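Colleague: Provide a 3D model corresponding to the input given below.
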Amino acid sequence: MSLLTLAYLLLPAVGALLANQATDVRTARRVGAGFLAAATLIASTAPVSLLLAADDPLWALSKVASRDPALAWAPAFVSLVSFVAVAMTPAVGTRPASIARMMAVAAAAGGVVAMPHPAVVAIAWALGAVPVWLELRRASERGASARMFALYMLPSAGLVASGCFLLSDGGTLTGFVVLTVGLAIREAVMPLHSWLLAAVDDAPMGLVVAFVAPQIGVAVHLSQNDILPSAGVGEAMAIISALTAVGAAFMGVFQSNARRAVAYLFISQSGLVGVGLETSSEVARAGATLTWMAVGLASAGFAMALSALEARRGRQSLERPAGSLAETPRLAAAFLVLGLASVGLPATVGFVAEDLLMQGTVGQFPSLGLMMVAATALNGVTVVKAFFALFNGTPARNPKQDLLGRERLVLSLVLACLVGLGLAPALATRATGPSHAATRSE
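Modeller: Numbering: from 1, shown residues only. Below you'll find the model as predicted:
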């Protein structure tokens, strides 16, 4: 293990300890955001060195990065999403302990993506769920959400641990199926998604984003990409993922609760990524890995923009127009653009990613490709509906404050990443690895 890898793993953990000792939430937030920013900068040495074709990268992800260099981006992506979650968390209604738990989730996720050894993955996968359970136990009435969360996460931890060790011991098909079911639970694949609805109702949005948006199950799946299950198993998983994408997108359109609409957007997008991962097409897999990161970052910004709005107005309903575009124009613009970026807005990296994903999937599974198009369209409807419901009302007697300097900085960083890579698609596709030479020849 290199010193940079060790530093990357320790920074969020140390930040969690310090944030928990902070006397107020603003101090805890500054500490957490600072440590995660440092972790993101350290993790960025790997993909940058790969893009520059350096002979001796400063960062090593063991032999996994050589099998799928897209994984070299995973640590930076995970810490950046966690940074957005922590830095955008409002002080209103938040405790230092909640910030510390977000940091603990980030530390566990970093362990999964930076040290993909079966034992590390099994332990970090289980530990990452504990802070969310603790927060839900405190926040939910009579602990109902905490029990629901544990009911799903305990089997997930057991299945992922069993699957990892079966695969490392040579049990290919059985291990793959066991691992995939464990991953599917945490990715909220329908009908295993009830825990996410309970969590989004009762937990701080920042904690939900830190736990869900990085989709570390994708990294675990990619780290096992030398395991080739039968075509029938892969096709079955692709069908389940496509049904999840469409089903969640359909449910999202009819949500009256803004938080649940965001939850269904998360679920639908994870289904889209899952379809690409289960195909044999290099184009689809490239699109899936790029979609994983583009959607994760955009959805994190979108969800935290909603959290910023809730800090000003409380929990939001989509049943009737409320709020005013004139009061908070920057917040409204960020909410809309980030929401649309999560469903492939042109000029963002999500557009490039979903184009690759659709191209590769349609060639192998034409019907699933059409389902993915429908899911993307429905997700776009959900975003636009939420925008008009939240920013199309009459101005209040006491005008609400627009984005604060801290919020503008964080959301501008997210948009810069999404638009910058969207305007440089060659750089974005190269980032997912040399397999794209094959992509062009397909």
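
Colleague: what sits against residue 357?
Modeller: Shown in contact with residue 357 (CB atoms under 8 Å, 6 or more residues apart in numbering): 272, 273, 275, 276, 284, 287, 288, 290, 291, 372. (Glycine included, C-beta is placed from N, CA and C.)

Colleague: what comes up buried for the helix of greatest length in the chain?
Modeller: Secondary structure of the chain per DSSP state H: the longest helix is helix 282-313. Within helix 282-313, the residues scored as buried using 16 or more other CB atoms under 10 Å are 282-312.

Colleague: centre of the chain to that helix, how far?
Modeller: Taking CA atoms, centre = their mean, to the nearest Å, one finds helix 282-313 lying 6 Å from the centre of the chain it belongs to.

Colleague: buried ones in the helix or strand immediately after that helix in the chain?
Modeller: The helix or strand immediately downstream of helix 282-313 is helix 329-341, counting by DSSP states H and E. Residues of helix 329-341 classed as buried: 331, 332, 333, 334, 335, 336, 337, 338, 339, 340, 341 (neighbour count, 16+ other CB under 10 Å).

Colleague: I'd like the residues you listed laid out as a markdown table, including pLDDT and distance to residue 142.
Modeller: Shown next, in a markdown table, are these (pLDDT from 0 to 100; distance: CB to CB, whole Å):
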| residue | pLDDT | distance to residue 142 |
| --- | --- | --- |
| 331 | 93 | 34 |
| 332 | 93 | 37 |
| 333 | 94 | 40 |
| 334 | 95 | 36 |
| 335 | 95 | 33 |
| 336 | 96 | 37 |
| 337 | 96 | 39 |
| 338 | 96 | 35 |
| 339 | 95 | 34 |
| 340 | 95 | 39 |
| 341 | 94 | 38 |
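
Colleague: same list, these, but as JSON lines with distance to residue 381 please.
Modeller: Formatted as JSON lines, the buried residues of helix 329-341 follow (distance: CB to CB, whole Å):
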{"residue": "331", "distance to residue 381": "21"}
{"residue": "332", "distance to residue 381": "18"}
{"residue": "333", "distance to residue 381": "19"}
{"residue": "334", "distance to residue 381": "20"}
{"residue": "335", "distance to residue 381": "15"}
{"residue": "336", "distance to residue 381": "13"}
{"residue": "337", "distance to residue 381": "16"}
{"residue": "338", "distance to residue 381": "16"}
{"residue": "339", "distance to residue 381": "11"}
{"residue": "340", "distance to residue 381": "11"}
{"residue": "341", "distance to residue 381": "16"}
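
Colleague: closest to residue 386 out of those?
Modeller: Taking CB to CB as the measure, residue 386 lies nearest residue 339 of the buried residues of helix 329-341, at 6.9 Å.

Colleague: run through the residues that contact the closest one.
Modeller: Taking CB under 8 Å, 6+ apart as the contact definition, residue 339 lies against 265, 298, 302, 383, 384, 386, 387.

Colleague: buried among these? Make that a ChimeraX selection.
Modeller: A single ChimeraX command selects the buried members of these (16+ other CB under 10 Å):
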select :265,298,302,383,386,387
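
Colleague: average pLDDT for the longest helix of the chain?
Modeller: Mean per-residue pLDDT for helix 282-313: 90.

Colleague: quick one: it to helix 329-341, angle?
Modeller: Orientation check (axes from the mean of the first three to the mean of the last three CA atoms, to 10 degrees): helix 282-313 against helix 329-341 gives 150 degrees.

Colleague: in helices only, show me the contacts of residue 339.
Modeller: Under the assignment DSSP H, the contacts of residue 339 contribute 265, 298, 302, 383, 384, 386, 387 to helices.

Colleague: with respect to residue 144, which of these is nearest?
Modeller: Using CB to CB, residue 265 comes nearest to residue 144 of these, at 23.7 Å.

Colleague: residue 213 versus the closest one, what's the distance?
Modeller: Going from residue 265 to residue 213 by CB to CB, to the nearest Å gives 11 Å.

Colleague: between those two, what contacts are shared?
Modeller: Counting by CB under 8 Å, 6+ apart, the residues touching both residue 265 and residue 213 are residue 299.

Colleague: returning to that earlier point: any chance of the contacts of residue 339 in TSV, plus distance to residue 121?
Modeller: Formatted as TSV, the contacts of residue 339 follow (distance: CB to CB, whole Å):
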residue	distance to residue 121
265	27
298	26
302	28
383	33
384	38
386	35
387	38
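
Colleague: where in this protein is the helix or strand with the lowest mean pLDDT?
Modeller: helix 436-441 (a mean of 38; mean pLDDT, DSSP states H and E).

Colleague: and which of the buried residues of helix 329-341 is nearest residue 82?
Modeller: Looking across the buried residues of helix 329-341 and measuring by CB to CB, the closest to residue 82 is residue 338, at 16.8 Å.
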